[in-house]
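>>> sequence unknown, structure follows:
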Ligand code: NAP
């Protein structure tokens, strides 16, 4: 089986994104040549942090849009490996089929078309999600593994989980006839340092909301958490280890939102961090004004503790998860360092 060799060039799609920026940083640190696609390489708000990375002289930024068939053909040329991380990372949209599902699925198809045409690629690592694994119709006592698929998401109930599920299925369909290796990484809620303001729009917004007083009380949500640096490392291990195969759940441990607040409070006493839990009925009221939340989502997720089996990530990729307290505090410290609080 194939794997990264010194001198290989790696394409990272959506390179300016929160997780992809850490993947690019670790690939550069390891000495590789990296080509990253972004929608607009001239948008300094999204690319300045990449150009400032150690090793950025080995980084090339090129334009490509998931929704434009053919856009990835040129970027993939001359690359030996691809990390496909770009996707529409949002829970709600006015047109969820077009703006979430189609971006993920048609985008994945477009990236694989380009890979097939290039004939230079030996390994593809796709950033999927536990959203493609956790079927929230299942009983909370169920322990999810890489065998599971989210089969209950619909475009109306859960467009983002549906988009990740269908995009990953598309990748596995392409893998059946491919002469390159395909590996998928399925992270839980990703936290850890942000490089720039736009990264707060992704998962770190959970902690940003807690620190900026958005919640006077902590909603009774439990999150399975993983550090962004561990997620980036998993992608690189998947590229490097020829024996790495199939799907990999990346999740350290679960924490209630109240517990996240408790970790933050001692180091950030000047912030209005909630001390008490929000009654569930009040959360349904919040959902009337917060477009990211629906009542259906709350019914399936408030007060629910999900079980995830992360043993494959440790055994097959050698991941040693960072302590979750470090993950939470480093995220908040990065907000302060970047002037985002
Ligand atoms: P992010 O910061 O929003 O990154 C997503 C990237 O996708 C952005 O760089 C964005 O580019 C790009 N993108 C969106 N639409 C595009 C389009 N039409 N054409 C080209 N690029 C497009 O989110 P992230 O958290 O890093 O997510 C990265 C990957 O991890 C995604 O596949 C996501 O589903 C997956 N994931 C994330 C989490 C999490 O907790 N964050 C958990 C599990 C899985 P622009 O900057 O131009 O918008």
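Received, thanks. From a predicted model like this one, the values you see are computed outputs, not experimental measurements.
>>> Which residues of this protein lie near the ligand?
For the chain, the residues found near the ligand under the criterion Cβ under 6 Å from any ligand atom are 14, 16-20, 38-39, 46, 65-67, 85-89, 103, 127, 129, 164, 187, 189-190, 199, 202-203. (Each C-beta comes from the backbone N, C-alpha and C, glycine too.)
>>> Of those, grab the buried ones for PyMOL.
Per 16 or more other Cβ atoms under 10 Å, the buried members of these correspond to this PyMOL selection:
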select buried, resi 14+16+17+18+19+20+38+39+46+65+66+85+86+87+88+89+103+127+129+164+187+189+190+199+202+203
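>>> Among the residues of the chain next to the ligand, which are located in helices?
Secondary structure assignment by DSSP state H places 18-20, 46, 103, 164 of the residues of the chain next to the ligand in helices.
>>> For those residues, please prepare a markdown table with the additional fields pLDDT and distance to residue 309.
Converted to a markdown table, those look like this (pLDDT from 0 to 100; distance: Cβ to Cβ, whole Å):
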| residue | pLDDT | distance to residue 309 |
| --- | --- | --- |
| 18 | 98 | 25 |
| 19 | 98 | 21 |
| 20 | 98 | 26 |
| 46 | 97 | 35 |
| 103 | 98 | 30 |
| 164 | 98 | 18 |
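>>> In those residues, find the pair that's most separated.
Greatest spatial distance in those: 46 and 164, 22.1 Å, computed using Cβ to Cβ.
>>> Distance check, residue 305 against residue 138.
For residue 305, the distance to residue 138 equals 13 Å [Cβ to Cβ, to the nearest Å].
>>> okay, the two: which has more neighbours?
Taking neighbours as other Cβ atoms under 10 Å, residue 305 and residue 138 compare with residue 138 leading, 17 against 10.
>>> show me what contacts the more buried one?
Shown in contact with residue 138 (Cβ atoms under 8 Å, 6 or more residues apart in numbering): residue 144.
>>> Ok, residue 208 next?
When contacts are counted by Cβ under 8 Å, 6+ apart, residue 208 touches 200, 335, 340-341.
>>> and if you look at residue 144?
Neighbouring residues of residue 144 by Cβ under 8 Å, 6+ apart: 130, 133-134, 138, 249, 306-309.
>>> Smallest gap between the stretch 1-150 of the chain and the ligand, at which residue?
residue 17 (2.3 Å; Cβ to the nearest ligand atom).
>>> isn't that residue right up against residue 83?
No: if you go by Cβ atoms under 8 Å, residue 17 and residue 83 don't touch, sitting 11.0 Å apart.
>>> Let me see the ranges of the strands in this protein.
Applying DSSP state E to the chain gives strands spanning 9-13, 33-38, 59-63, 81-84, 123-127, 143-144, 181-187, 189-191, 222-227, 246-250, 253-256, 307-308.
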